[in-house]
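Peer 1: quick one: sequence and predicted model below, then my questions.
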Amino acid sequence: MFGDLQRSRSIAYTAVFIGLITIGGWISVPFVPSPFTLQTFFVLLAGAVMKRRAVIPVALYVLLGAAGLPVFHNGTAGIGVLLGPTGGYLAGFILAALAAGLAYESSRPAIRIAGLVTGAVLILACGVVWLIVSTGMAPSAAVVLGMLIFLPGDLVKAGAAYLVARHLP
């Protein structure tokens, strides 16, 4: 264990990304059914930096919030947030981190970009499914309010994550 640089980096990055995703939840614009936040950017950046291990900080972030720590958007917390209209997006964070992380295990830019875009779409798709389940919203309305409105901004965040990650070791 002593001298294991990879393990030390994973622990440090885990702490950093839990903090960044939390801060990203405070940088938000209120909207219904879910606010616009920078959380997606940090989830995707975690995948780019930590590769498949990005699932660890993202899953811990969701677990910490479910356990009552005020880490979700604007300091909300608890299992009620996961069961509410934004819960699908939060669950989608875990899948997005995995998709982006697996893509970043390739050195090919096209695969990395596809992984980030896939991650962003997975977050929105999980959000839409959960909107339909948790609110009874019609599928067409859930797609418009839960995905189409957020998609342009999330694609910009995916592009920003790609550009930032290119400059990180």
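Peer 2: The structure has been received and is ready for your questions. Since we're looking at a predicted model, the values are computed, not measured.

Peer 1: now do the helices in the chain.
Peer 2: Counting by DSSP state H, residue ranges of the helices within the chain are 5-26, 39-50, 55-66, 79-83, 87-103, 109-135, 139-143, 151-166.

Peer 1: and the longest one, what does it pack onto?
Peer 2: With contacts defined as 3 or more C-beta pairs under 8 Å, 6 or more residues apart in numbering; DSSP states H and E, the packing partners of helix 109-135 are helix 39-50, helix 87-103, helix 139-143, helix 151-166. Placement of C-beta: from N, CA and C, glycine included.

Peer 1: which of those helices is buried the deepest?
Peer 2: Across those, averaging neighbours per residue (mean count of other C-beta atoms under 10 Å) puts helix 39-50 on top, at a mean of 27.

Peer 1: neighbouring contacts of it?
Peer 2: 10, 13-14, 17, 20-21, 23-25, 54, 56-58, 73, 93, 96-101, 103-104, 112, 115-116, 119-120, 123, 154, 157-158, 160-162, 164-165, 168 (C-beta atoms under 8 Å, 6 or more residues apart in numbering).

Peer 1: chain center to that helix, what's the gap?
Peer 2: Distance of helix 39-50 from its chain centroid, counting by C-alpha atoms, centre = their mean, to the nearest Å, is 7 Å.

Peer 1: same check, this time on stretch 98-116
Peer 2: For stretch 98-116, the distance to the chain centre is 15 Å (C-alpha atoms, centre = their mean).

Peer 1: can you give me the mean pLDDT across it?
Peer 2: The average pLDDT for stretch 98-116 rounds to 98.

Peer 1: ok, and what's touching it?
Peer 2: Here stretch 98-116 has contacts from 43-44, 46-55, 118-119, 122, 158-159, 161-162, 165, using C-beta under 8 Å, 6+ apart.

Peer 1: please apply the same query to stretch 124-142.
Peer 2: 33-34, 83-89, 91-92, 95, 143, 145-147, 150-151, 154.

Peer 1: take the helices and strands packed on helix 109-135 and write them to a markdown table, including distance to residue 132.
Peer 2: Output for those, formatted as a markdown table (distance: least, C-beta to C-beta, whole Å):
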| stretch | distance to residue 132 |
| --- | --- |
| helix 39-50 | 20 |
| helix 87-103 | 9 |
| helix 139-143 | 5 |
| helix 151-166 | 17 |
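
Peer 1: I am finished for the moment; much appreciated.
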